[in-house]
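Novice: Any chance you can model this:
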Amino acid sequence: LSSVLPVGATKDMGKMLGGDEEKDPDAAKKEEERQEALRQEEEERKAKYAKMEAEREIMRQGIRDKYGIKKKEEKEAEAQAALEANAEGSLTRPKKAIPPGCGDEEEEEEESILDTVIKYLPGPLQDMFKK
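Specialist: Residues are numbered from 1 along each chain as shown. You can find the predicted model right below:
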């Protein structure tokens, strides 16, 4: 085997076949240092992206100011404030824009108005409208 494979390969082959692994006395220390390095890289990455996002937000705010655009949160806050201001002086709940069932009642009112007008017409005209 050793004549065909490189020198280090036979040692690795022994490990794969179930041989004893060499114990590294500093393995725990190296693993801890590696974990700390990963945490530090992650913090640096987060700081970098937070800084980039802050710069973008400054640019966005400049554009909003230039064109008079409001943030979604600001629009919602203003709408809520307007509702509260309208309801502030009122003791009742806020009124709905269209009361329920309005569409159906209009046709009935028109028919009743027409019937009322027909009642006041002279007899021959009433007969014409009823047919």
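
Novice: And the helices in this structure?
Specialist: Using DSSP state H, the helices of the chain run over residues 7-16, 27-67, 72-88, 102-119, 123-130.

Novice: Could you export the ones you listed to CSV, including columns for mean neighbour count and mean pLDDT?
Specialist: Just so you know, the C-beta spots here come from the backbone N, C-alpha and C atoms, and that holds for glycine as well. Formatted as CSV, the helices of the chain follow (neighbours: other CB atoms under 10 Å; pLDDT from 0 to 100):
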stretch, mean neighbour count, mean pLDDT
helix 7-16, 10, 60
helix 27-67, 10, 95
helix 72-88, 10, 81
helix 102-119, 10, 65
helix 123-130, 9, 74
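
Novice: Show the contacting residues for residue 57.
Specialist: Counting by CB atoms under 8 Å, 6 or more residues apart in numbering, residue 57 touches no other residue.

Novice: and it, how far is that from residue 48?
Specialist: As judged by CB to CB, to the nearest Å, residue 57 and residue 48 stand 15 Å apart.

Novice: How about residue 125?
Specialist: 88 Å.

Novice: With residue 27 instead?
Specialist: Taking CB to CB, one finds residue 27 at 32 Å from residue 48.

Novice: try residue 71
Specialist: Counting by CB to CB, the gap from residue 71 to residue 48 is 25 Å.

Novice: what does residue 28 give?
Specialist: Taking CB to CB as the measure, residue 28 falls 31 Å from residue 48.

Novice: One more: residue 118?
Specialist: For residue 118, the distance to residue 48 equals 82 Å [CB to CB].

Novice: now do residue 113
Specialist: Look at residue 113 and residue 48: by CB to CB, they are 73 Å apart.

Novice: what's the answer for residue 65, then?
Specialist: From residue 65 across to residue 48, the span is 27 Å (CB to CB).

Novice: Appreciated, that's everything.
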